[in-house]
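sharing a model that was predicted from the sequence below.
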Amino acid sequence: MSEPLTGKVALVTGGSRGLGAATVRLLAEQGADVGFTYVSSEKQAHAIVDEVRGTGGKVAAFRSDQADPSGAPALIDEVVAHFGGLDILVNNAAISVPGTVDDPDADTAALDRMHATNYLGVIAIIRAASRVLRANGRIITVSTGFASRVGIPGVADYAASKAGIERYTLGAARDLGPRGITANVVQAGVMEGGMDTEPEVLEAVLGTLSLQRVADPREIAAAIAFLASPAASYVTGAVLDAHGGYNA
């Protein structure tokens, strides 16, 4: 089996379940040493570590709350100290808090935490990682089709947080290009084991897709792995749709 990422070190945020876990598995399968973060799902994180190590992969879990941007430098330092460097950053960790902008009962504290996690926390990690990423490194930010077209009610704040971090990632592509570092976005669709979604919201979203089904996380992890690979060495500042044709 081809291992195009042999010798590379990757960090996947939010890697204990869903798309994050699928990405950890795939990057390790392709030869990378992989660190990943988790917040509260310690049991799941240890299970992923045991699973990947059982297949011969090198992996480590780091507890880090992305909602606290001040913790980003320490996280990156810990990853570099453990693995000896960093080549690939996958910004996957995110949360979703639904609600319309005129909801009188909106949980503003939860919305603020979402913006901190999805936007400020990602910026802090990109900043910290960019200073240590080795030449020809990769930054891959997971977003959503809502960042390009909201499409349904109740996701304004979530869509805004993702649209903001998309632009930041593409700005990073400009800033870091002279070092051979690429920065790209993958717009992920609804998937098995993803964020909790109300049944009516899920039905509404699926009805807008060209492929009217829920994705397997491995399908979206494949897009991330491509952007992390040598095959994508001349791809930067791109937004890759992996959402079943939401924007078609």
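Yes, it's here. Residues are numbered from 1 along each chain as shown.

any low-confidence regions in this protein?
Along the chain, segments meeting pLDDT under 70 span 1, 194-198.

the strands in it, which residues?
Along the chain, the stretches classed as strands by DSSP state E are 9-12, 33-38, 59-63, 88-91, 138-144, 182-188, 239-242.

packing partners for the third one?
Meaning strand 59-63. strand 33-38, helix 42-54, helix 72-83 (3 or more Cβ pairs under 8 Å, 6 or more residues apart in numbering; DSSP states H and E). Glycine gets a C-beta too; all of them are placed from N, C-alpha and C.

ok, now the fifth one?
Contacting strand 138-144 under the criterion 3+ Cβ pairs under 8 Å, 6+ apart are the following elements: strand 88-91, helix 121-130, helix 156-176, strand 182-188, helix 217-228.

so how far is it off the chain centroid?
Relative to the chain's own centre, strand 138-144 is displaced by 5 Å; criterion: Cα atoms, centre = their mean, to the nearest Å.

try the last one
Remark: strand 239-242 is offset 13 Å from the chain centroid, using Cα atoms, centre = their mean.

kindly report the same for the third one.
The gap between where strand 59-63 is centred and where its chain is centred comes out at 16 Å by Cα atoms, centre = their mean.

buried sites along that strand?
59-62 (16 or more other Cβ atoms under 10 Å).

tabulate the residues you listed (CSV), appending distance to residue 116.
As requested, those are exported to CSV (distance: Cβ to Cβ, whole Å):
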residue, distance to residue 116
59, 27
60, 25
61, 22
62, 19
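
going by distance to residue 85, which of those residues wins?
residue 60 (13.6 Å; Cβ to Cβ).

correct me, but that closest one touches residue 37?
No - using Cβ atoms under 8 Å, residue 60 is not in contact with residue 37, being 10.3 Å away.

now do the contacts for residue 179.
The neighbours of residue 179, taking Cβ atoms under 8 Å, 6 or more residues apart in numbering as the test, are 133, 135, 137.

quick one: contacts for the second one?
Counting by Cβ under 8 Å, 6+ apart, residue 135 touches 179-181.

closest to residue 171 among those?
Nearest to residue 171 among the contacts of residue 135, with distances taken as Cβ to Cβ, is residue 181, at 12.7 Å.

and the residue nearest the centre of the chain, how close does it get to residue 156?
With the centre of the chain defined as its mean C-alpha position, the nearest residue by Cα atoms, centre = their mean is residue 92, 1.6 Å away. The gap separating residue 92 from residue 156 is 22 Å, by Cβ to Cβ, to the nearest Å.

perfect, I'm done here.
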